[in-house]
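# next one to model:
(chains A and B)
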Amino acid sequence: MRYLPLTDADRTAMLAAIGVPSIEALFADVPVAARHAGLLDLPLAMGELEVERRLGRIAAKNTSAGSVPCFLGGGAYRHHIPAAVDHLIQRGEFLTSYTPYQPELAQGTLQALFEFQTQVALLTAMEVANASLYDGATACAEAVAMAGRVTGRHQAVLSGGLHPHYRAVCETYARFAGNRLVLQGAGPGGGEDLAALVDGETACVVVQNPDFFGEIRDYSELAEICHRAGALLVVIVTEILSLGAIIPPGEMGADIVAAEGQSFGNALNFGGPYVGLFAAREKFVRQMPGRLVGETHDAEGRRGWVLTLSTREQHIRREKATSNICTNSGLCALAFTIHLALLGEAGLTRLAWLNHAAAVATAERLAAIPGVELVNDRFFNEFTLRLPRPAATVVDRLAAQGVLGGVPVSRFYPERPELQGLLLVAATETVTPEDIDGFEVALREVLR
Amino acid sequence: MSDWSRALSAHATPDATAAPTISGNRGLQLEEPLLFEQDSPGHCGVDLPEPPPLRSRLAGLERKAPTGLPGLSEPQIVRHFTRLSQKNYAIDAGLYPLGSCTMKHNPRLNEKLARLPGFADLHPLQPRSTVQGALELIDTVAHWLKTLTGMPAIALSPAAGAQGELCGIMAIRAALTARGDPRSRILVPESAHGTNPSTAATCGYAIEALPANARGRVDLAAVKAQLDTDVAALMLTNPNTCGLFEDEILEIADAVHAAGAFFYCDGANFNAIVGRVRPAELGIDALHLNLHKTFSTPHGGGGPGSGPVALGLELAPHAPVPWLVHDADGFALVEHGDGQAERSIGRLKGFHGQMGMFVRALAYMMSHGADGLKQVAEDAVLNANYLRVRLADLLSLSFPGTCMHEVLFDDHFLKDTGVTTLDFAKALIDEGFHPMTMYFPLVVHGALLIEPTETESKASLDQFVAVVRGLAERAREGDAASFRSAPRLTPRRRLDETAAARKPVLRWRSASPQQEAAE
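Residues are numbered from 1 along each chain as shown, chains lettered A, B, ... in the order given. Sure, this is the predicted structure:
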């Protein structure tokens, strides 16, 4: 077996050195009833070529998003990833190292994570950020839990514009932690009055910007109302690239920002692994979940980096930790950092505006189709259309014509018939004018 | 005497106090400032077209203040991250014997396959008809893991081991609620990973510690004494973090079940038994697997992981959504906790789990096959026991007898030397090895937990043994000062963690105008 370096001669010599007659003797502590003598009912070992053939055949059964016009968003976005990103994250020194517990052997990972934390803080206009969580949805649930620790209150108000997966993860976590959620009904148009729901019991209000339907809002006033009531404002961002063009949550008065970082450096991967971003005000840092990298100096006084404030974490604090998270999204965070480093201020701004331009062009073309209505007033690279037919059927028929034409809202809210005509459409820099033409033609055809 | 030990005996002492260089670099050790300190404003490492003129739909919410992100070109970025990478130790570079972390070789075939556009370039919300291959792959991973564990169901969505634990404990709480038998305590051995008590607390349970016996196992009598009708579950790691198989596990399982509680197993150490022992046959009700340990998906400097949870029949209906089902049109996802998934605990993360990790793990499992996986467990255990016997006379073995995939020593052998476990680990760094896990588990003093994994050759183990023995002898000879000043040959010497925590600096900030004026 190509991954196993021991030879039979090694094994014999080692058993002799140990002083046991056979490998069985080393498994003597396993109860006899639980020892599986033979082989399990699974295929036998395969060479690289055979594994490649078999998995290649499975991969070929999928329609990759890049092979057709793709207008899917809803919390995951198809962006071009510069070649240098994937090259650098595959360097074995990054790929095959562990969590940097031994800082003298991990200054590379630690410095990159310090740069990641800084980038996240700059993008969101927040004071501090951690070294990543699993994804945006779990970061959202962690934000709600943290708001409870900060305020000593146990009720969170969740906007109806929050991504339904984020909302569902919050519900799961809250149910088991004993926190109460006040859930607003989902729907585009922002008819909800969140301010009216804030009272002395409220730990936080959770809003998303742009929201699930693509709408952008200014939450400054809501932040003030929260703060007057002693509550925190949590702002969720599912498309982090949007912060290259719109006012960041920190400038609106957010106390915690939880976001999905997939858009920078990370492929769609059918939903994972992604990278959760988590930023907050500095005064709350000791209540933050996850790992933090801090600056320090070595025995010779030179600048260096270590994991810090570990007394918040499970491996030190055990049942009193701020979160049970251990492994996070290190390599995805590195991909994020490299992509954003390549972009820099100028590239970020330009890429964001290219996305906005693609979405505006797409929206104008599609909204001109009879019966199709653009729901949004303000949007970044994703918007909602109201169709005269159930969007789920339309999407299936578009797929049959070779267009990945958006995400039907009913996939998330099957129990809400009034939402079944709604279609989420995203357009990024990867969308070409021909893609938009193709989408328009196909949609006209399907709706005819 | 091997070439290695000859080289050791003839080693030259490098002059760590050599005169400082002009650049601050030391040969291949290259200094590298932060990205933010290399800003040439306006520069960009990506060529993008000018956005077309358009009527903005941002309506007054445009970002006004710049982010402050630095501008660099591609060659600068590539050099920056290449230099950073060279400051890391990695399994690609050498033995990485971190106990309970399973730092094994990460096959590059897995990386190649995870990047096939048919897997990597799939949007999670594509119509079902366009992702049948992806769903088939998930189903195949589930089949392998169910066969390896002997368990009837598997929840694949948890993002890492700790979330797998959360999934298992939530399912247990849901099952107890369904029985009308809510309970409030969970028993956790003192030797458990910190995630275990933290997870149980996150689910609202009180934690009760279980002592270890003199043999490094959970004390069966203590289990029986502490079990009652208020105990929801026992969380056991097996093999445990002392590297030992819990040899009374069947009795423990019986006692747990007799008390009406569930038996949760932390499968972080599954590498020791994969293909040879099926957890279902140990009486386990729920078990998480770390795909980034046993199944070789890369640790990546701290993730991403993947933590599927195998579930018994009573817990399976409570598995988190999404569920994978099969009907006349092929595979489908059940994404809502109603209908057939009405007893589900709900959703644990966005979308459907760590697909990229599933592809890698499946490539790993297929490459090994049933035969190779069994060999994995055997070689992992063989390698650890080989280290045990080669080191036991000089180091202090915490518990006698054979170990499984990792071997635990404590710091008795350093008594009166003035050298601590930490010093010993740092000295190992200068010798070109990553240290073992230190000060964990908590059940022995100054723990040194060594897990070589099956992907180390005998020659590699012999090199490690020679170095550890040499260091142990040096400590015994009273050379404490050299240990306390280690490491000397790394890009940075020992780092001040206390200073970092006292006044945390967690991000770069541009110098204030006053500071700039002063400079």
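# distance between the ends of stretch B:283-293?
23 Å (Cα to Cα, to the nearest Å).
# and that stretch, how far out from the chain's middle?
Chain-centre distance of stretch B:283-293: 13 Å, with Cα atoms, centre = their mean, to the nearest Å.
# rounded mean pLDDT for that stretch, please.
Mean pLDDT, computed over stretch B:283-293, is 97.
# quick one: least confident helix or strand in chain A?
Least confident helix or strand of chain A, by mean pLDDT, DSSP states H and E, is helix A:314-317 with a mean of 86.
# in the helix or strand that it is followed by, what's buried?
As assigned by DSSP states H and E, the chain's next helix or strand after helix A:314-317 is helix A:330-367. Residues of helix A:330-367 classed as buried by neighbour count (16 or more other Cβ atoms under 10 Å in any protein chain shown): A:330-363, A:365-366. The way it works is simple: take the backbone N, C-alpha and C, and place the C-beta from them, glycine included.
# just the CA trace of the least confident helix or strand of chain A, in PDB.
Coordinates of each C-alpha in helix A:314-317 appear next as PDB, following Å, rounded to 0.1, in the frame of the first residue of the first chain:
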ATOM      1  CA  GLN A 314     -12.300  24.600  25.600                       C
ATOM      2  CA  HIS A 315      -8.800  23.000  25.900                       C
ATOM      3  CA  ILE A 316      -8.100  25.300  29.000                       C
ATOM      4  CA  ARG A 317     -11.500  26.200  30.400                       C
END
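# let me see the ranges of the strands in the stretch 151-300 of chain A.
With strands called from DSSP state E, counting those that start in this stretch, the stretch 151-300 of chain A shows them at A:155-158, A:180-183, A:202-208, A:232-237, A:256-260, A:276-280, A:292-297.
# and what of chain B?
For chain B, applying DSSP state E gives strands covering B:153-155, B:185-189, B:206-210, B:231-237, B:262-266, B:286-288, B:309-311, B:323-327, B:330-334, B:396-397, B:407-410, B:437-438, B:448-450.
# please list the residues of the stretch 201-350 of chain B that sit near chain A.
Contact residues, the stretch 201-350 of chain B versus chain A (Cβ under 8 Å from any Cβ of the partner chain): B:201-204, B:207, B:244-245, B:247, B:249-250, B:273, B:275-278, B:281-282, B:290, B:292, B:298-306, B:320, B:335-338, B:345-350.
# which among those residues end up buried?
Counted by 16+ other Cβ under 10 Å, those give B:201-204, B:207, B:244-245, B:247, B:249-250, B:273, B:275-278, B:281-282, B:290, B:292, B:298-306, B:320, B:335-337, B:345-350 as buried.
# can you tell me which of the residues you listed end up in helices?
Secondary structure assignment by DSSP state H places B:Ala201, B:Thr202, B:Ile249, B:Leu250 of these in helices.
# report the spatially nearest residue to the third one, omitting neighbours in sequence.
Meaning B:Ile249. Excluding the flanking residues, the one nearest B:Ile249 by Cβ to Cβ, 6 or more residues apart in numbering or on different chains is B:Leu282, at 5.1 Å.
# just B:Leu30 next, same as before
Among residues not flanking B:Leu30 along the chain, B:Arg83 sits closest, at 4.9 Å (Cβ to Cβ, 6+ apart).
# and the strands of the stretch 151-300 of chain A, which one averages the lowest pLDDT?
Among the strands of the stretch 151-300 of chain A, strand A:180-183 scores lowest, at a mean of 91.
# alpha carbons only: can I get that strand in PDB?
C-alpha atoms of strand A:180-183 as PDB (Å, rounded to 0.1, in the frame of the first residue of the first chain):
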ATOM      1  CA  ARG A 180     -35.200  32.400  23.400                       C
ATOM      2  CA  LEU A 181     -35.500  33.700  19.800                       C
ATOM      3  CA  VAL A 182     -38.000  36.100  18.500                       C
ATOM      4  CA  LEU A 183     -38.400  35.300  14.800                       C
END
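# residue of the stretch 301-450 of chain B nearest chain A, please.
Using Cβ to the nearest Cβ, the single residue of the stretch 301-450 of chain B nearest to chain A is B:Phe351, 2.8 Å away.
# mind listing what the closest residue in space to that residue that isn't next to it in sequence touches?
Spatially, and ignoring its direct neighbours in sequence, B:Phe351 is nearest to A:Gly271 (2.8 Å; Cβ to Cβ, 6+ apart). By Cβ atoms under 8 Å, 6 or more residues apart in numbering or on different chains, the residues touching A:Gly271 are A:Ala76, B:Pro124, B:Gly350, B:Phe351, B:His352, B:Gly353, B:Met355.
# equivalent analysis for B:His105, please.
Contacts of B:His105 (Cβ under 8 Å, 6+ apart): A:Tyr3, B:Ile91, B:Ser296, B:Thr453, B:Thr455.
# quick check, nearest of those residues to B:Ser485?
Among those, B:Ile91 lies closest to B:Ser485 (Cβ to Cβ), at 27.4 Å.
# just confirm that closest one contacts A:Thr96, I think it does.
Yes - contact criterion Cβ atoms under 8 Å: B:Ile91 and A:Thr96 qualify, at 4.2 Å.
# can you list residues touching both of those two?
Counting by Cβ under 8 Å, 6+ apart, the contacts common to B:Ile91 and A:Thr96 are B:Met103, B:Asn106.
# residues contacting A:Asn374?
Quick fix: residue A:374 is Leu, not Asn. A:Ala363, A:Leu366, A:Ala367, A:Phe383, A:Thr384, A:Leu385.
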